[in-house]
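J.: fold the following for me, if possible:
(one chain, ligands or ions: 1)
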Amino acid sequence: MPENTAPNDSSPMRRDRAAAWELLTQWTSGESLRKHALGVETCVVAYAAQEADRRQLPEAERAALLDLYACTALLHDFDYERHPSLEEHPYVGVRELERLGWPEEMRRAILGHASYTGVARDSHLARTLFACDELSGFLTACALVKPSRAIADVELASVRKKLKDKAFARGVSREDVLQGAAELGVELDAHIAFCLQAMQQRAGVLGL
Ligand SMILES: [Fe+2]
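T.: Residues are numbered from 1 along each chain as shown. I've put the predicted structure just below:
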């Protein structure tokens, strides 16, 4: 391990989901940004499982892949609360991840999720992160306008309708949602249905 990536003490650094969650919550006190991280994680990990099946990975490799995807999703905006400007996010966070020894593939995917960095989304992880980032936020917004505020009550047709309603969840870039699905090679309806189902299955964790 290069000197500059070594932690302050001599104990080996954990780089697993628990460590990612710890880092996220150290840097992010806001409930909604933490929930955003969990929402993106939910969708990204569902795609990781699909990818692991497609590649017929043995158990240990499958677990490692799911963990990488989970950590990347949890940490993709971890610097945003402290450094929200285009000049700093996600560069500051990625520098910190490098210092802590988190893998290159993760850091590159995190840079790539912000199109203005110009870093190509050249891995399945990067394309998955980008495709799920805005959409999971949009699905959360769709749930929160339901009387029940429950993701279980959100239906594909109403999501499609709300995507066309420019006044609804203005902060979500429709262009990014469409581009994300296209880059991942999934049809938009299938992508929405897939992410919706993943979030519905984890509604308790997401508080939805
Ligand atoms: Fe995000």
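J.: could you use CA atoms for every contact and neighbour count after this?
T.: Fine.
J.: do you know how far Asp53 is from Leu65?
T.: 11 Å (Cα to Cα, to the nearest Å).
J.: what's the answer for Arg170, then?
T.: Distance, Arg170 to Leu65, by Cα to Cα: 33 Å.
J.: give the burial count for the residue lying closest to Glu81 once chain neighbours are set aside, as a bare number.
T.: Nearest residue to Glu81 in three dimensions, chain neighbours excluded: Thr28, at 6.0 Å (Cα to Cα, 6 or more residues apart in numbering). When neighbours are counted by other Cα atoms under 10 Å, Thr28 registers 18.
J.: the protein: helices as residue ranges?
T.: Taking DSSP state H, the helices of the chain run over residues 17-27, 31-54, 59-75, 91-99, 104-113, 124-144, 156-164, 174-184, 188-201, 203-206.
J.: enumerate the positions of the second one that are buried.
T.: Read that as helix 31-54. 33-49, 51-52 (16 or more other Cα atoms under 10 Å).
J.: next one: the shortest one
T.: Going by neighbour count (16+ other Cα under 10 Å), the buried part of helix 203-206 is 203, 206.
J.: what does stretch 163-173 give?
T.: Neighbour counts over stretch 163-173 (16+ other Cα under 10 Å) mark 163, 169, 172 as buried.
J.: point out where the chain drops to low pLDDT.
T.: The chain contains residues with pLDDT under 70 at 1-12.
J.: name the nearest residue to Tyr69, sequence neighbours excluded.
T.: Val45 (5.9 Å).
J.: make sure that neighbour is actually in contact with Leu68.
T.: No: using Cα atoms under 8 Å, Val45 is not in contact with Leu68, being 9.0 Å away.
J.: and for these two, which residues touch both?
T.: Here Val45 and Leu68 share no contacting residue, scored by Cα atoms under 8 Å, 6 or more residues apart in numbering.
J.: ok, back up a step: pipe the helices of the chain into a markdown table and attach distance to Ser85 per row.
T.: Output for the helices of the chain, formatted as a markdown table (distance: least, Cα to Cα, whole Å):
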| stretch | distance to Ser85 |
| --- | --- |
| helix 17-27 | 15 |
| helix 31-54 | 15 |
| helix 59-75 | 17 |
| helix 91-99 | 10 |
| helix 104-113 | 14 |
| helix 124-144 | 18 |
| helix 156-164 | 26 |
| helix 174-184 | 19 |
| helix 188-201 | 28 |
| helix 203-206 | 27 |
